[in-house]
Structures are given as C-alpha cells and as structure tokens.
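*Asks:* Dropping a prediction and its sequence here:
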Amino acid sequence: MTQTIYTNCAVATMQHGEANYGLIPDATIVAKDGRIDWVGASADRPPEYKDWPEERLDGRLVTPALIDCHTHLVFSGNRAREFEQRLKGASYEEIARSGGGISSTVTATRSASFEQLVEESLPRLDALIRDGVAVVEIKSGYGLTIEDELRMLRVARHLDTLRPVKVVTTWLAAHSLPPDFADRADAYIDEIVIPGLSRAAEEGLVDAVDGFCESIGFSPAQIERVFKAAQSLSLPVKLHAEQLSDLKGSLLAARYSALSADHLEFLAEEDVPEFAAAGTVAVLLPGAFYMLKETKLPPMEALRQHGVDIAIATDCNPGSSPLSSILTAMTMSCIEFGLTPEEALSGTTRCAAKALGLSGQYGEIVAGARAELAVWDVGHPAELSYWMGGTPLYQRLATGALK
Ligand code: DI6
Ligand code: FE
C-alpha cells in the first residue's frame, strides 16, 4: 500500500457543483494506492491519517492534472509554407482543395517510419507534459489507408509507454478523402474507414471514433454510417462539427450521444437546446480559431444558458493549430471566447475528462478519483490562464495509478 498526505497547499478541487474553483485555502489531500482518499481543509483532517507520511507543498496551488482532450499530435513534417500562403491571402479551404492542407501531412506521415513518427511526436507530448498534462487524446487521420491509420494509433499507444501520461486514442480515418478515392467518398467509408475501425477495435488500439463533418471533409450521412459502425463495436463517438460551416453535425453527434462535438463556431443558437439535452461536451479549440483568423464565435451565451459543459483543447495539428501548450489554449479561450479563467480550468480538467468518458476518474480532486495532480508556483488559479507562455508548473504528482 502506498499512502501520502499532501499538505500546506491551496487546492482547487474543480469538483462539480462547487463555486470558485472548489478552492480550499489551507488544504490537505490524502492519496492511497494512486487514488484520492480524502481532501479538505487541513483543520478537518480525520485522525485516522495521523501517522501517514506527509509531503509539505510550501503554500503552492494544487489542481487536478490537466487534460488535453483533442489533439492530432502524431504526424510528420510541418506546414509552415502553407502558413505563409495563408498570410498572403489563400484560405484554409482553398489550400485543402488544391491538394495541400491535410493531404500534404498525409504524404509526409505515410512515408515516415514508426520510429521517426515517435521521434517527431514526442517533443509535442513533452511540451504538454511541461504544462501539467496527464491525459492526452491523440487521433489518427493522417494515414488514410487501413495500415497507415493503424500505425498512427500504434505510435500513440507507444507514446503512452514512454511517458507518465495516459494516452486516449481516437479513430479519425474519416478526416479527409485521399486522392485515390477522389469523388468516391462513400467507397472510402466502406472500404477503409469502417473495416479499418473493426481492425483497430480487434487490436485494442482505439478508445473512440471521430470524423470531420465539413464540405471539405465528410457529409453528415457519411459520418452517420461511421457512427453506426462505432455503435456496433460499443465505441463512443465524437465529431469535428461546425468548424467552417453549419452542416448540423453537432445534432448528429447529439443523436448518437457523442462524448463531444468539437470546434462549433458555426453551431446555430437554436440547435443548442437539443445539443444540451444529449449531455455532449462542447470542445472549443482556440488555437484553430486563432490560426485561421476565424471571426465567427460559437454561441457562447446559449451554451452557458443551457448548461452545456465546455472543454478546451489544443487541437495540436500541423495545419490549423500548431499549438502544444494547453495553458496557452486556456489564455486564448478567455480572450477569444470570453471564458472566465475558472471556465478555462474546468475546460481542461473536469469537462475535458467528461469529453473523454473519464468523469469521476480524472479532472477533479475528489475521493475515489485518481491522484493525478499538478502543483503550481502560483497564488491563485486564475494565474494559470493569465501568464502568457509562462511555465508555472512546479511538479506533476503522479502516484502510480495513471493507466
Ligand atoms: N479540423 C482541424 O482543425 C484539424 N482537422 C480537422 O478536421 C486540422 C487538420 C490539418 O489541417 O492538418
Ligand atoms: Fe481537430
């Protein structure tokens, strides 16, 4: 049995229903066998923990370790040249339609070896870890053949073994149509996306299923077929929806009880009630909003009014969001989307856990949850969204039960 008491710290529990970050100014956390046994004001610590070893944290702030619930961080190469083109006026869609965009990363990723993909992806994962991240979602989507998509997920699973993080994998073969299937999107879904998903499930490589529902991606009808396949394998779904236009992908996601719908700039206000009723998390991706100089905002007030849980993620990818700092994503979400620093932090803790189907296990400091904690050299949790590009992490406390 391992047991530790963390004391002399402030704790933002981020517990559901608690106001003001669930902040406890002079707090104690008791961890036992990798799980939280007790958390509360130090003055209330139960006598049964009297003789347990103690670690004093010198007044620092403790939060749940952070969660990046939407990344494409396994890929090869970069698209800095495309960034230059966009700055000269080309749009993201134009570049995609002329064979650049996602396709150029597909070419690079297919030709990279397994080892090379690991080597190129690891620095991005390490950057997230330096920001206090303990759980990272990683999608496929730059292979677009069964073997190349499976390989991406194998790389993601391998990254999980190399670092003290939990990697959650997502099948995103319905990301972009490869040139050999030009004008045959339905055949691509039938021949690659669905059979590949079965293989990924058989090999235990996949935790959830995603798609890019967009005019430059796949139609709602095509995505629905992928969702049906996911359902038959008992895998949860999520969707890139309403990023560039309103195809009602978020309503499709809601009908399939999706864990999350992501982006949502073009989500119509009148669709929010139906979306909210499904309990699907709205994942906002401020890095993509920024890099694409988007001006259309998600319907923030309607999302709040209907009690939709809002998560924030980096969307780390070489095209629309070459961002590997979750803290920067939090800062951006406050400025771009008007989130409060408290919403930004719940967006990378409790709500991000929900978006990965990990509610109650990660993202909250509550009895029974995994004792995955981040200790910060800050006085108040609002500072986590405030220091632009700062590195306020003092230490990640991983107590051994991460995976
Ligand atoms: N939406 C995104 O933001 C990423 N994929 C997607 O469907 C962008 C991927 C890329 O440009 O490489
Ligand atoms: Fe994405």
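*Replies:* Received, thanks. Ligands and ions are numbered 1, 2, ... in the order given.

*Asks:* from the chain, which residue is nearest to ligand 1?
*Replies:* Ligand 1 sits closest to Gly319 of the chain, with a gap of 2.1 Å, by CB to the nearest ligand atom. From N, CA and C alone the C-beta is placed, and that goes for glycine too.

*Asks:* so where does that residue fall, helix or strand?
*Replies:* Under DSSP states H and E, no helix or strand contains Gly319.

*Asks:* is it true that it touches Gln85?
*Replies:* No - judged on CB atoms under 8 Å, Gly319 makes no contact with Gln85 at a distance of 11.5 Å.

*Asks:* Of the two, which one has the most company?
*Replies:* Gly319 (24 against 16; other CB atoms under 10 Å).

*Asks:* Phi, psi for that one please.
*Replies:* Per-residue torsions, Gly319: phi -100, psi -70 (degrees, to the nearest 10).

*Asks:* Same question for the one 10 residues further on.
*Replies:* Ala329 has phi and psi values of phi -60, psi -40 when expressed as degrees, to the nearest 10.

*Asks:* Quick one: mean pLDDT for stretch 304-324?
*Replies:* Computed over stretch 304-324, the mean pLDDT rounds to 98.

*Asks:* Tell me who's in contact with the nearest residue to the residue of the chain closest to ligand 1 once chain neighbours are set aside.
*Replies:* Take Gly319 and drop its neighbours on the chain: the residue closest to it by CB to CB, 6 or more residues apart in numbering is Arg79, 5.3 Å away. With contact taken as CB atoms under 8 Å, 6 or more residues apart in numbering, Arg79 is in contact with Gly100, Gly101, Ser104, Thr105, Pro318, Gly319, Pro322.

*Asks:* mind running it again at 7 Å?
*Replies:* Ser104, Thr105, Pro318, Gly319 (CB atoms under 7 Å, 6 or more residues apart in numbering).

*Asks:* ditto for Ile146
*Replies:* Ile192, Pro195, Gly196, Arg199.

*Asks:* Recalculate using a threshold of 6 Å.
*Replies:* By CB atoms under 6 Å, 6 or more residues apart in numbering, Ile146 lies in contact with Ile192, Gly196.

*Asks:* Backbone dihedrals for it, please?
*Replies:* phi -60, psi -50.

*Asks:* Leaving out chain neighbours, which residue sits closest to Ile312?
*Replies:* In space, and not counting its chain neighbours, Ile312 is closest to Gly347: 3.6 Å by CB to CB, 6+ apart.

*Asks:* Contacts made by the helix or strand harbouring Cys351 with the rest, please.
*Replies:* Using DSSP H and E, Cys351 sits in helix 350-355. Defining contact as CB under 6 Å, 6+ apart, one finds that helix 350-355 is touched by 14, 67, 69, 259-260, 281, 283, 309-311, 359, 362-364.

*Asks:* how about the residues of the stretch 151-300 of the chain that lie near ligand 1?
*Replies:* His175, Phe212, His240, Gln243, Ala288 (CB under 6 Å from any ligand atom).

*Asks:* which stretches of the chain have low pLDDT?
*Replies:* The chain contains residues with pLDDT under 70 at 399-403.

*Asks:* hang on, the earlier thing: name the member of the residues of the stretch 151-300 of the chain next to ligand 1 with the most neighbours.
*Replies:* That'd be His240 among these, by other CB under 10 Å, with 31 neighbours.

*Asks:* Would you confirm that that one belongs to a helix?
*Replies:* No - going by DSSP: H, G, I helix; E, B strand; the rest coil, the assignment for His240 is strand, not a helix.

*Asks:* Remind me which helix or strand the closest residue to it other than its chain neighbours belongs to.
*Replies:* Residue nearest to His240 in three dimensions, not counting chain neighbours: Phe212, with 4.5 Å by CB to CB, 6+ apart. Under DSSP H and E, the secondary-structure element containing Phe212 is strand 208-213.

*Asks:* And for Glu55?
*Replies:* Applying DSSP H and E as the criterion places Glu55 in strand 54-56.

*Asks:* Identify the neighbouring strands of that strand in the sheet and state each direction.
*Replies:* With DSSP bridges as the test, strand 54-56 is paired with strand 3-12 (parallel).

*Asks:* Helix or strand next in line after the strand holding Phe212, which one?
*Replies:* helix 220-232.

*Asks:* Quick check: which helices or strands does that next one pack against?
*Replies:* strand 208-213 (3 or more CB pairs under 6 Å, 6 or more residues apart in numbering; DSSP states H and E).

*Asks:* mind redoing it with 7 Å?
*Replies:* helix 194-202, strand 208-213, helix 249-255 (3 or more CB pairs under 7 Å, 6 or more residues apart in numbering; DSSP states H and E).

*Asks:* on that earlier part again, what about the residue nearest to Gly319, distance to Ser320?
*Replies:* 9 Å (CB to CB, to the nearest Å).

*Asks:* returning to what we had before: please identify which of the residues of the stretch 151-300 of the chain next to ligand 1 is nearest to Gly204.
*Replies:* His175 (21.4 Å; CB to CB).

*Asks:* Disregarding flanking residues, what is the spatial nearest neighbour of the closest one?
*Replies:* Gly141 (3.4 Å).

*Asks:* Narrow the contacts of Arg79 to those that are buried.
*Replies:* In the contacts of Arg79, burial by neighbour count holds for Ser104, Thr105, Pro318, Gly319, counting by 16 or more other CB atoms under 10 Å.

*Asks:* so the last one makes contact with Ile102?
*Replies:* This points to Gly319. Yes - Gly319 lies in contact with Ile102 (CB atoms under 7 Å); the separation is 6.4 Å.

*Asks:* residues contacting the residue nearest the centre of the chain?
*Replies:* Centroid-nearest residue in the chain: Cys69, 1.3 Å away (criterion: CA atoms, centre = their mean). Residues near Cys69 by CB under 7 Å, 6+ apart: Glu137, Val283, Ala311, Ala313, Ala352, Ala355, Leu356.

*Asks:* Wasn't Arg124 part of a helix?
*Replies:* Yes - secondary structure of Arg124 (three-state DSSP): part of a helix.
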